[in-house]
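In: sequence unknown, structure follows:
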């Protein structure tokens with residue numbers, strides 16, 4: 001019954017062990033320590049005696065992170081792992097349970113629970129807590145239901161100082177060094193990227209700018225798309241504080257692309273420095289009158305001058321700074337009697353055309369090539385928004401600057417608590433069975449790939465993106481992932497304040513439940529179910545089967561990756577998504593059965609989507625709905641859901657899209673969506689939905705159904721302002737989480 005500290009040298013693949021900081025370690029545990037007291041907190045470093053644990057029916061292992069992990073040591077034996085002497089980390093607890101079972105053998109406790117004290121727990125090294133087959137049959141839960149128990153993936157930012165400023169009209173800017181844990185040899189600027197900052201418990205906003213300001217717009221006459229990025233006539237990009245941290249974002253109908261900037265450089269030109277052409281100003285002349293061309297939303301007079309240089313026959317300009325910042329390109333010079341308004345610029349071209357000074361903006365590859373090579377409406381041309389350029393202008397904005405090794409924040413006072421998202425995964429469960437997590441919060445995870453210069457994020461649909469390496473469809477990162485497991489339960493947990501999705505169940509996970517959990521303030525969506533290519537899976541042991549997602553609250557998700565649905569599923573069978581509350585999501589509320597390829601039959605069957613309350617969806621993007629279905633799913637019911645407050649650009653509230661078949665849509669309520677069709681059935685010319693039945697639904701304050709003619713019966717149109725019939729009112733009242 002004893003073992004000693006060991007450092008294994010065998011490969012992890014043959015030992016089944018885990019790597020921390022480049023070393024492979026075996027289980028290192030203490031069960032009983034007698035005699036001389038040792039330094040606190042307890043670490044698992046010495047001899048063990050399994051006797052106190054063997055033969056018990058139920059064992060409770062306690063974990064309390066430093067500085068709370070303290071033991072009252074006496075001459076008598078102290079049982080490490082007990083309430084009196086808790087373990088110091090999650091990894092310690094996992095290894096502790098493994099060794100108890102190994103040493104006790106057949107006498108090991110039949111039921112083991114790991115009780116986590118209130119406070120913030122952190123996983124070892126830079127990775128998640130890893131649970132494998134040997135970690136089955138364990139309940140992980142909070143030891144105190146009244147105070148938060150948090151598994152925290154963040155890292156504090158400390159040492160804030162006010163940055164000197166010459167602006168008297170602006171809020172203070174506070175600056176602090178990037179935490180040392182983010183240092184990485186070979187990374188741009190010597191640091192890993194960081195994408196999220198929470199200040200005093202609230203997510204700070206990245207700085208953003210209109211692409212027109214940087215001359216990156218179809219309205220910018222000198223802007224050009226190149227194979228490596230962009231060439232623009234604007235010099236704005238040359239003033240970015242840290243170009244290697246800037247990101248271009250491109251929004252389309254239902255996708256959003258993000259590619260990192262890797263460099264900015266001026267293009268040397270001949271001719272007079274500082275101006276794109278040689279102009280004289282100010283001058284007098286007639287009012288603009290007829291012009292060769294009028295350009296609105298032109299960022300600067302330099303852009304106006306460049307447009308004149310590039311347009312044959314342009315001899316003069318008027319640049320009006322008021323309103324839409326209009327540039328008038330005129331076929332003549334000025335001579336008399338014209339006085340421009342305040343702030344306007346008038347000039348005659350006296351020689352030229354001279355070469356136009358330009359700025360090269362290089363975008364990370366293969367992200368840029370992939371995004372600009374897409375077909376249809378998803379192709380990147382010019383960005384919609386530029387992020388993290390460093391122009392702090394508003395309360396609670398922040399800027400990550402690897403060039404200077406600092407984090408900046410704008411606010412009336414220095415942050416009392418500032419947390420950067422650091423770990424990309426907090427919990428990874430692979431091949432386990434009968435594992436439960438209860439009452440635990442998962443917080444401050446991140447996802448770095450969109451910021452990596454060889455990565456980026458080119459979206460296909462719903463958080464599915466094209467992998468940088470080979471273009472294969474891949475799924476966004478989640479704070480917690482469950483793979484190929486059986487009977488895994490998350491109950492009364494919170495997945496919040498993270499830079500990724502909340503939870504993903506995949507890889508043939510079966511008979512697992514997510515209930516009464518909160519998914520809030522996430523960069524991605526709430527719950528992901530399945531894998532992209534599940535449609536092609538033939539092995540029933542690898543089906544996503546028996547999944548229950550019920551009574552959860554999903555609010556304020558998709559804060560960064562706006563194309564993320566609140567709840568998203570690929571193929572699954574014998575599964576239920578019911579009585580969830582989904583509110584304030586940028587895209588679709590519930591995305592059901594998104595297959596790839598879409599025509600494949602798949603194994604989706606016997607599913608129920610019932611009693612959900614879905615509100616305030618589609619505030620970003622188009623071509624989505626309260627529920628959005630794609631592909632074949634036999635014997636599947638969508639019933640007794642309540643949908644309301646669709647955005648004005650929603651495709652439809654109930655959206656039966658490409659190849660959807662086998663759906664029974666019944667007893668649903670569509671409400672308070674006056675600009676949106678209540679139902680859309682995809683037309684044959686695209687990818688017809690067929691074999692679906694829609695019946696006994698109530699529609700109040702929504703537009704008529706659209707698309708393919710509906711096989712609809714007993715549809716009740718309730719006049720706007722009138723109460724719902726009693727049957728519908730009862731369904732609406734029950735929709736959403738149950739106690």
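Out: Okay, I see it. Not measured: the values here are computed from a predicted model.
In: from now on I want contacts and neighbour counts done on CA atoms only, so please keep to that.
Out: Fine.
In: any regions of the stretch 51-200 of the chain where pLDDT drops low?
Out: 67-77 (pLDDT under 70).
In: which residues in it form helices?
Out: For the stretch 51-200 of the chain, the helices defined by DSSP state H, counting those that start in this stretch occupy 90-104.
In: repeat that for the chain.
Out: 12-15, 90-104, 301-310, 367-373, 726-734 (DSSP state H).
In: quick one, which of the ones you listed is nearest to residue 259?
Out: Closest to residue 259 of these, according to C-alpha to C-alpha: helix 367-373, at 5.8 Å.
In: which elements pack onto that closest one?
Out: With contacts taken as 3 or more C-alpha pairs under 8 Å, 6 or more residues apart in numbering; DSSP states H and E, helix 367-373 sits against strand 256-267.
In: just the buried residues of the strand it packs on, please?
Out: For strand 256-267, burial by neighbour count (16 or more other C-alpha atoms under 10 Å) applies to 256-264, 266.
In: closest to residue 605 out of those?
Out: For the buried residues of strand 256-267, the minimum distance to residue 605 (C-alpha to C-alpha) is 30.7 Å, reached by residue 256.
In: test my guess that the closest one contacts residue 249.
Out: Yes. Between residue 256 and residue 249 there is a contact at 7.0 Å, judged by C-alpha atoms under 8 Å.
In: what separation do you get for the closest residue in space to residue 450 that isn't next to it in sequence and residue 503?
Out: Nearest residue to residue 450, sequence neighbours excluded (C-alpha to C-alpha, 6 or more residues apart in numbering): residue 456, at 3.8 Å. According to C-alpha to C-alpha, to the nearest Å, residue 456 and residue 503 sit 22 Å apart.
In: looking only at neighbour counts, state which of these two leads.
Out: It is residue 456, of residue 456 and residue 503, that has more neighbours when counted by other C-alpha atoms under 10 Å, with 30 against 24.
In: in space, what's closest to residue 316 - neighbours in sequence excluded?
Out: Nearest residue to residue 316 in three dimensions, chain neighbours excluded: residue 348, at 4.3 Å (C-alpha to C-alpha, 6+ apart).
In: I'd guessed the one you found sits against residue 334; true?
Out: Yes. Residue 348 is in contact with residue 334 according to C-alpha under 8 Å; the separation is 6.9 Å.
In: residue contacts, residue 622?
Out: Residue 622 makes contact with 253-254, 587, 649-651 under the criterion C-alpha atoms under 8 Å, 6 or more residues apart in numbering.
In: go again using 10 Å as the cut-off
Out: By C-alpha atoms under 10 Å, 6 or more residues apart in numbering, the contact list for residue 622 reads 252-255, 563, 586-588, 647-652.
In: and these, which of them are buried?
Out: Burial by neighbour count, 16+ other C-alpha under 10 Å: within the contacts of residue 622 this picks out 252, 254-255, 563, 586-588, 647-652.
In: pLDDT weak spots in the stretch 301-450 of the chain?
Out: 310, 312, 336-337, 339, 342, 351-357.
In: the closest residue to residue 248 other than its chain neighbours - how many residues pack around it?
Out: Of all residues not flanking residue 248 in the chain, residue 386 sits nearest, at 4.6 Å (C-alpha to C-alpha, 6+ apart). Residues within reach of residue 386, counting by other C-alpha under 10 Å, total 24.
In: okay, and the beta partners of residue 386?
Out: Beta-bridge pairing for residue 386 (DSSP bridges): residue 209, residue 248.
In: quick check: it touching residue 217?
Out: No. Between residue 386 and residue 217 there is no contact under C-alpha atoms under 10 Å: 11.2 Å.
In: overlap in contacts, those two.
Out: 210-211.
In: now, which of the contacts of residue 622 sits nearest residue 130?
Out: Nearest member of the contacts of residue 622 to residue 130, counting by C-alpha to C-alpha, is residue 563, at 29.2 Å.
In: okay, now stretch 423-442: how far is its last residue from its first?
Out: In stretch 423-442, first residue to last residue: 11 Å (C-alpha to C-alpha).
In: could the buried ones among the contacts of residue 622 go into TSV alongside pLDDT and distance to residue 64?
Out: Formatted as TSV, those follow (pLDDT from 0 to 100; distance: C-alpha to C-alpha, whole Å):
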residue	pLDDT	distance to residue 64
252	90	47
254	92	44
255	94	43
563	96	38
586	97	38
587	97	40
588	97	40
647	94	46
648	89	50
649	85	49
650	91	48
651	93	50
652	96	50
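In: coming back round to it: neighbour-wise, which of residue 348 and residue 334 wins?
Out: More crowded of residue 348 and residue 334, by other C-alpha under 10 Å: residue 348, with 24 against 20.
In: circling back to that earlier point, what is the residue nearest to residue 316 paired to in the beta sheet?
Out: Under DSSP bridges, the beta-bridge partners of residue 348 are residue 280, residue 316.
In: what about the closest residue to residue 251 other than its chain neighbours, how many neighbours?
Out: Leaving out its chain neighbours, the residue that sits closest to residue 251 by C-alpha to C-alpha, 6+ apart is residue 384, at 6.0 Å. For residue 384, the neighbour count with other C-alpha under 10 Å is 20.
In: residue 400 is in contact with residue 207, correct?
Out: Yes. Residue 207 is within contact range of residue 400, at 9.4 Å (criterion: C-alpha under 10 Å).
In: overlap in contacts of these two?
Out: Contacts common to residue 207 and residue 400, judged by C-alpha under 10 Å, 6+ apart, are 246, 388-390, 409.
In: out of those, which is nearest to residue 614?
Out: residue 388 (32.5 Å).
In: sorry, back to before: list the contacts for the residue nearest to residue 450?
Out: Residue 456 makes contact with 247-248, 257-261, 363-368, 370-371, 448-450, 465-468, according to C-alpha under 10 Å, 6+ apart.
In: and the buried ones among these, selectable in PyMOL?
Out: Applied in PyMOL, the following selects the buried portion of these according to 16+ other C-alpha under 10 Å:
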select buried, resi 247+248+257+258+259+260+261+363+364+365+366+367+368+370+371+448+449+450+465+466+467+468
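In: any regions of the stretch 551-700 of the chain where pLDDT drops low?
Out: 685-686.
In: now with 80?
Out: Within the stretch 551-700 of the chain, the stretches with pLDDT under 80 are 595-601, 684-688.
In: and stretch 694-714, what's buried?
Out: Here stretch 694-714 shows 694-703, 705-708, 710 as buried, counting by 16+ other C-alpha under 10 Å.
In: neighbour count winner among residue 207 and residue 400?
Out: Between residue 207 and residue 400, counted using other C-alpha under 10 Å, residue 400 has the larger neighbour count: 26 against 21.
In: the more buried one pairs with what?
Out: When bridges are called by DSSP bridges, residue 400 pairs up with residue 407.
In: for it, give me its contacts.
Out: 178, 193-197, 206-207, 241-242, 245-246, 388-390, 406-409.
In: which members of the residues you listed are positioned in strands?
Out: 197, 206, 406-409 (DSSP state E).
In: out of those residues, which one sits closest to residue 396?
Out: Of the ones in strands among the contacts of residue 400, the one sitting nearest to residue 396 (C-alpha to C-alpha) turns out to be residue 409, at 6.7 Å.
In: contacting residues around the closest one?
Out: Shown in contact with residue 409 (C-alpha under 10 Å, 6+ apart): 160, 162-163, 171-176, 197, 199, 204-207, 390, 392, 394-400, 415, 418.
In: mind running it again at 7 Å?
Out: By C-alpha atoms under 7 Å, 6 or more residues apart in numbering, the residues touching residue 409 are 173-175, 396-399.
In: just to revisit the earlier point, selecting buried members of the contacts of residue 400 in ChimeraX, what would you type?
Out: The ChimeraX selection below is limited to those of these classed as buried (16+ other C-alpha under 10 Å):
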select :178,193,194,195,196,197,206,207,241,242,245,246,388,389,390,406,407,408,409
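In: quick one: residue 623 and residue 255 touch, right?
Out: No. The criterion here is C-alpha atoms under 7 Å, and residue 623 misses it with residue 255 at 9.9 Å.
In: quick one: residue 569 from residue 370, how far?
Out: 25 Å.
In: tell me the contacts of residue 612?
Out: When contacts are taken as C-alpha under 7 Å, 6+ apart, residue 612 is in contact with 578-581, 641-642, 735-736.
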